[in-house]
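A.B. asks: Model the structure of this input:
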Amino acid sequence: MQAATRRRYPYDRVWQLTSIDDSRRGHIEYRYDLIGRLLAANSAMGHETFAFDPAGNIQVPSTTRHQSIATRAPLPKILDNLLKEYAGTSYRYDDRGNLIERMQNGQRDTFEWDALNRMTRATTRYGVTTFAYDPLGRRIAKHSQASGGTTLRNTARTIYGWDGDTLALESSVRQGYAPAERTVHYVYERDSFVPLMQASHAKALSLAPTTDVKALMAANFGRYDIALDPLWNDEYEREAEPFVKDEIAFYQCDHLGTPQELTDHEGKVAWSAQYMAWGQAKEAISQGAHEAGMRNPIRFPGQHLDEETGLHYNRHRYYEPYSGRFVSSDPIGLLGGLNLHRYAPNPLQWIDPLGLAGGPAVGVDSHGQWIDASGSAASAPNVASLPALRGASIPQVRSILNGQGYSLQNPGNARNERWKHSDGSEV
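C.D. replies: From the prediction side, this is the model:
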């Protein structure tokens, strides 16, 4: 049995996470600006620094540690909030704000989208990957054809099963070099996107064939009859088979619900990861887990890694951890804010499991996990995003609180005003 992992999460007076003390990963420090945006992260992964324009776009700081704000070069303007270049990587978009080209280290990746702004095809240095979705917009299939000389296997077909908005299973068949089949079921904490365990089996699911409707109608004088459709008349009905697990593994997650370790049935760490601030991961997989085909694609809550593109599938959109942004526009348009590609001002205390909007939290549970009013995993409370109020005049404080959605609870007590947000935050 391996030694237990210990983590400690200190916060400042406005509930900003200042550091993480991790017995496996060491000490991690964070620094923020006056409105709660992450400026720096210092960990074993390196020293990361960030800058933001007024619209919240992440940019590479033009100021060194020894430069003053007065002498730093201005940040480049990002027209329409479409990031064209970040840390040596260039991007190009279509008229709807969908990423269609990425140039990184001399390698060109291209992406194609359907009329509903869902990614349908990605061509990268590793090969070609296509995606399919159900009528609810959930991704249900992925087909990857690897190019020669890559570490990915030649072809892979993966189907996905859903429980509402949480990914319940994935089943894949890989052909070519080292062929393999695998089905993995995921179990989450109740009403949450925080993974609890995975059970895997070295066999792919067998799906019933799709009805050839044209042939069915041709045999019935051009008329469709549901009673003749084998999908509906029990012709394809089979006895339910129990899921025989080959391996069961348990997740250990951080305060957000991001997987940190995956332990096997003996309590040994089979998989672990170190993360950069915006979600880039460096994985470590044990020899036994590697031989068993065990892996973990889950990243930030609601996100699943696609090895072929380096993007995270985030239910309604795709997220790029390298730049900390979504690669397509917010489906709700400007009603979701002026910046249609923004993920969060602070990835350490905000989550967006649906790729739509992060929900505010009201506190933490017994495990240190941020929760919302229903007890589900969520982001930091609104009070954590307030700018510093000390030194501001009373009219300025009132203006800030009004702008953040707070309401005055005791208007008759000017000497001791109490303001409350709908998420339960109080000032």
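A.B. asks: Phi and psi next, for the residue nearest to the spatial centre of the chain.
C.D. replies: Residue closest to the average C-alpha location in the chain (CA atoms, centre = their mean): Gln303, at 3.0 Å. Gln303 adopts backbone torsions of phi -110, psi 140, taken as degrees, to the nearest 10.
A.B. asks: before we move on, what about Asn402?
C.D. replies: phi -60, psi -40.
A.B. asks: Kindly report the same for Gln145.
C.D. replies: The phi/psi pair for Gln145 (degrees, to the nearest 10) is phi -120, psi 110.
A.B. asks: Could you double-check that the residue nearest to the centre of the chain lies in contact with Arg317?
C.D. replies: No: using CB atoms under 8 Å, Gln303 is not in contact with Arg317, being 10.1 Å away. Every C-beta, even on glycine, is put in place using the N, C-alpha and C of the backbone.
A.B. asks: ranges for the helices of the protein?
C.D. replies: For the chain, the helices defined by DSSP state H cover 213-218, 287-292, 394-403.
A.B. asks: and those, which one's lowest on average pLDDT?
C.D. replies: Least confidently modelled of the helices of the chain is helix 394-403, at a mean of 78 by mean pLDDT.
A.B. asks: Return the set of buried residues in it.
C.D. replies: Residues of helix 394-403 classed as buried: 397, 400-401 (neighbour count, 16 or more other CB atoms under 10 Å).
A.B. asks: Please apply the same query to stretch 102-115.
C.D. replies: 102, 104, 109, 111, 113.
A.B. asks: Could you work out the end-to-end span of that stretch for me?
C.D. replies: 21 Å (CA to CA, to the nearest Å).
A.B. asks: repeat for stretch 314-326
C.D. replies: 9 Å.
A.B. asks: pLDDT (mean, whole number) over it?
C.D. replies: Rounded mean pLDDT across stretch 314-326 is 96.
A.B. asks: How about stretch 335-353?
C.D. replies: Here the average pLDDT along stretch 335-353 is 87.
A.B. asks: now it, how far from the centre of its chain.
C.D. replies: 11 Å (CA atoms, centre = their mean, to the nearest Å).
A.B. asks: again with stretch 287-306
C.D. replies: On CA atoms, centre = their mean, the centre of stretch 287-306 falls 14 Å from that of its chain.
A.B. asks: what do you get for stretch 228-246?
C.D. replies: On CA atoms, centre = their mean, the centre of stretch 228-246 falls 33 Å from that of its chain.
A.B. asks: before we move on, what about stretch 195-207?
C.D. replies: 21 Å.
A.B. asks: just stretch 332-349 next, same as before
C.D. replies: Worked out by CA atoms, centre = their mean, stretch 332-349 lies 13 Å from the chain centre.
A.B. asks: for that stretch, which positions count as buried?
C.D. replies: Judged by neighbour count (16+ other CB under 10 Å), stretch 332-349 contains these buried residues: 339-349.
A.B. asks: Serialize these to JSON lines and add fields for distance to Ser286.
C.D. replies: Below are the buried residues of stretch 332-349 laid out as JSON lines (distance: CB to CB, whole Å):
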{"residue": "Asn339", "distance to Ser286": "41"}
{"residue": "Leu340", "distance to Ser286": "41"}
{"residue": "His341", "distance to Ser286": "37"}
{"residue": "Arg342", "distance to Ser286": "37"}
{"residue": "Tyr343", "distance to Ser286": "31"}
{"residue": "Ala344", "distance to Ser286": "32"}
{"residue": "Pro345", "distance to Ser286": "36"}
{"residue": "Asn346", "distance to Ser286": "33"}
{"residue": "Pro347", "distance to Ser286": "28"}
{"residue": "Leu348", "distance to Ser286": "28"}
{"residue": "Gln349", "distance to Ser286": "31"}
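A.B. asks: lowest-pLDDT helix or strand in the chain?
C.D. replies: strand 363-364 (a mean of 51; mean pLDDT, DSSP states H and E).
A.B. asks: Not counting its neighbours along the chain, what's nearest Ser407?
C.D. replies: Nearest residue to Ser407 in three dimensions, chain neighbours excluded: Lys420, at 6.1 Å (CB to CB, 6 or more residues apart in numbering).
A.B. asks: Could you do Val128 as well?
C.D. replies: In this structure, Val128 finds its nearest non-sequential neighbour in Gln145, 4.9 Å apart by CB to CB, 6+ apart.
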